[in-house]
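Novice: Coordinates for the following, if possible.
(one chain, ligands or ions: 1)
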Amino acid sequence: MATQKNVVPFTCALRDLGKSRTAKAADPLAIDGFDHVHLYADSARQSAFYLAHAFGFIPIAYRGPETGWKESVSIALKQGGVLLCVTSALKSSSPIAAHVLKHSFSAKDVAFRVPDCDAAFQEAVARGAKPVLPPTEWADSSGAVIQASIQTYGDTIHSFVERTAFSGPFWPGFAPYSKIFPKDATIEECGLEVIDHVVGNVELGKMNEWVGFYERVLGFSQLTHFSDKDISTEYSALMSKVMNGGGGKIKLPINEPAEGKRKSQIEEYLEFNEGPGVQHIAFRTQDILAVVSRLRARGVRFLFVPKTYYDEIPSRVGTINEDLSKVRELGILVDRDEDGYLLQIFTKNLQDRPTLFFEIIQREGSQGFGAGNFKALFEAIERDQAERGNL
Ligand code: FE2
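Specialist: The predicted structure is shown next:
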């Protein structure tokens, strides 16, 4: 029998939390920022190919049967400071398969980087978090990563990830991607730099419960509040609160549907995602014009913005540094608040269901989320909804 040449030996062991140990941070729930977002897919290979060739995420690490892992296939991708991992099941009995059957392509884990995983997990659980995975140490010849997870809305989780002593690609047990697929085409990044925010959709009446969860359990604070008056159209409405944590590095807006004359896009999401979950992941760039030009050239589809939207930009937003004709040509939205302005654009759904999508955002002072664009966005989304017969 031929031997497998790319097996990556690794260990995975629960941490002994009884051990007396020195705290690594004054605040047990100190969060350094987003570590990665873990997506579950029907096929990790196909999804990674899409994320690479359409969005410029570079596959950096692989774990699957070729590396000696028989449970699932995972591909980690990186662009700028953004880490994504996409995983698919190899058997229908896998919980990953069940998740994908229910939600289709979706974000399972919005993972936070922490200096002390054991402390973060213990503190979060003491404050009422539902544990999913107790602190677990993954190790291979490149070092160790400690991970623990807690439950959030729907079937979504937050992992605490401590990477104090790991030099390998992404995670212990993964092989460098190029070792497994040495002949893959070279991928060029598109200019996405960091995860700016991750938005969750929850059921009607549940937003304040989750706001309370992030405040009580993770010590987050509420950043801004858009009332449904700010962001409603004649036919749909939502309520949104933005939770802010990790010293400003983590922003998690939470949406719930509000009463409207017809089905809101949040209700449509909840129906097709079969429950709450991550609605969109926003990536920040310093040059949205270049990013969107590249993405459009690669065939990425964005929400349609009516040309008339741009007629009111000079009066609503004032002067911006970017060429407005180029902004209009690329379908980028602009908004201003008291701190400055921002440019943003939303992709169409990444999968067949009207659920997960991406946002690209460039901040020029504004720390908002484009409240002034909600109306324009909603009108654009509703045109899509009407096309699907769901409005
Ligand atoms: Fe957003």
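Novice: in this structure, which helix or strand is least confident?
Specialist: Across the helices and strands of the chain, mean pLDDT, DSSP states H and E gives its lowest value to helix 371-388, namely a mean of 69.
Novice: where along the stretch 51-200 of the chain do the strands fall?
Specialist: If you assign secondary structure with DSSP state E, counting those that start in this stretch, the strands in the stretch 51-200 of the chain sit at 58-63, 72-79, 82-89, 106-113, 131-140, 143-151, 157-166, 175-176, 194-201.
Novice: got the CA coordinates for the fourth one in PDB?
Specialist: Backbone C-alpha positions of strand 106-113 (Å, rounded to 0.1, in the frame of the first residue of the first chain) are rendered in PDB as follows:
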ATOM      1  CA  SER A 106     -23.000  30.100   5.800                       C
ATOM      2  CA  ALA A 107     -20.800  31.500   8.600                       C
ATOM      3  CA  LYS A 108     -20.500  29.000  11.400                       C
ATOM      4  CA  ASP A 109     -17.800  30.700  13.600                       C
ATOM      5  CA  VAL A 110     -16.900  34.300  14.000                       C
ATOM      6  CA  ALA A 111     -13.700  33.800  15.900                       C
ATOM      7  CA  PHE A 112     -12.000  36.300  18.100                       C
ATOM      8  CA  ARG A 113      -8.200  36.500  18.800                       C
END
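Novice: which secondary structure elements does that strand contact?
Specialist: strand 33-40, helix 95-103, strand 157-166, strand 277-284 (3 or more Cβ pairs under 8 Å, 6 or more residues apart in numbering; DSSP states H and E). C-beta here means a position set from N, CA and C on the backbone, and glycine is covered the same way.
Novice: got those as a markdown table, with distance to residue 126 and mean pLDDT columns?
Specialist: Formatted as a markdown table, the helices and strands packed on strand 106-113 follow (distance: least, Cβ to Cβ, whole Å; pLDDT from 0 to 100):
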| stretch | distance to residue 126 | mean pLDDT |
| --- | --- | --- |
| strand 33-40 | 22 | 98 |
| helix 95-103 | 27 | 98 |
| strand 157-166 | 14 | 95 |
| strand 277-284 | 26 | 98 |
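Novice: closest to residue 249 out of those?
Specialist: Put simply, out of those the one that sits nearest residue 249 is strand 33-40, at 3.8 Å, with distance taken as Cβ to Cβ.
Novice: follow-up on the earlier one: out of the strands of the stretch 51-200 of the chain, which gets nearest to residue 367?
Specialist: Evaluated with Cβ to Cβ, the strands of the stretch 51-200 of the chain place strand 194-201 nearest to residue 367, the distance being 10.0 Å.
Novice: about what we covered before: and the helices and strands packed on strand 106-113: which comes nearest the ion?
Specialist: Proximity to the ion (Cβ to the ion) singles out strand 277-284 among the helices and strands packed on strand 106-113, at 4.4 Å.
Novice: Tell me which residues of whichever helix or strand comes after that closest one come out buried.
Specialist: Using DSSP states H and E, the helix or strand that follows strand 277-284 in sequence is helix 288-297. Using 16 or more other Cβ atoms under 10 Å as the burial criterion, the residues of helix 288-297 that qualify are 288, 289, 291, 292, 293, 294, 295.
Novice: Then stretch 312-325?
Specialist: Of the residues in stretch 312-325, those scored as buried under the neighbour-count criterion (16+ other Cβ under 10 Å) are 313, 317, 320, 322.
Novice: hang on, residue 274 in a strand?
Specialist: No: assigned with DSSP: H, G, I helix; E, B strand; the rest coil, residue 274 falls outside any strand and is coil.
Novice: could you check the distance from it over to the ion?
Specialist: The gap separating residue 274 from the ion is 22 Å, by Cβ to the ion, to the nearest Å.
Novice: right, and that residue touches residue 101 too?
Specialist: No: the pair residue 274 and residue 101 fails to qualify as a contact (Cβ atoms under 8 Å) at a distance of 9.5 Å.
Novice: more neighbours, these two?
Specialist: A count of neighbours by other Cβ atoms under 10 Å puts residue 274 above the other of residue 274 and residue 101, at 15 against 12.
Novice: where does the closest residue in space to residue 292 that isn't next to it in sequence land on pLDDT?
Specialist: The spatially closest residue to residue 292, leaving aside those adjacent along the chain, is residue 330, at 4.6 Å (Cβ to Cβ, 6 or more residues apart in numbering). Per-residue pLDDT puts residue 330 at 97.
Novice: what separates residue 330 from residue 323, distance-wise?
Specialist: Residue 330 sits 10 Å away from residue 323, taking Cβ to Cβ, to the nearest Å as the criterion.
Novice: what residues do these two have in common as contacts?
Specialist: Common neighbours of residue 330 and residue 323, counting by Cβ atoms under 8 Å, 6 or more residues apart in numbering, are residue 289.
Novice: The ion contacts on the stretch 151-300 of the chain?
Specialist: Proximity of the stretch 151-300 of the chain to the ion is confined to residue 282 under the rule Cβ under 5 Å from the ion.
Novice: right, and residue 213 touches residue 151 too?
Specialist: No: the pair formed by residue 213 and residue 151 falls short of the contact definition of Cβ under 8 Å, at 9.6 Å.
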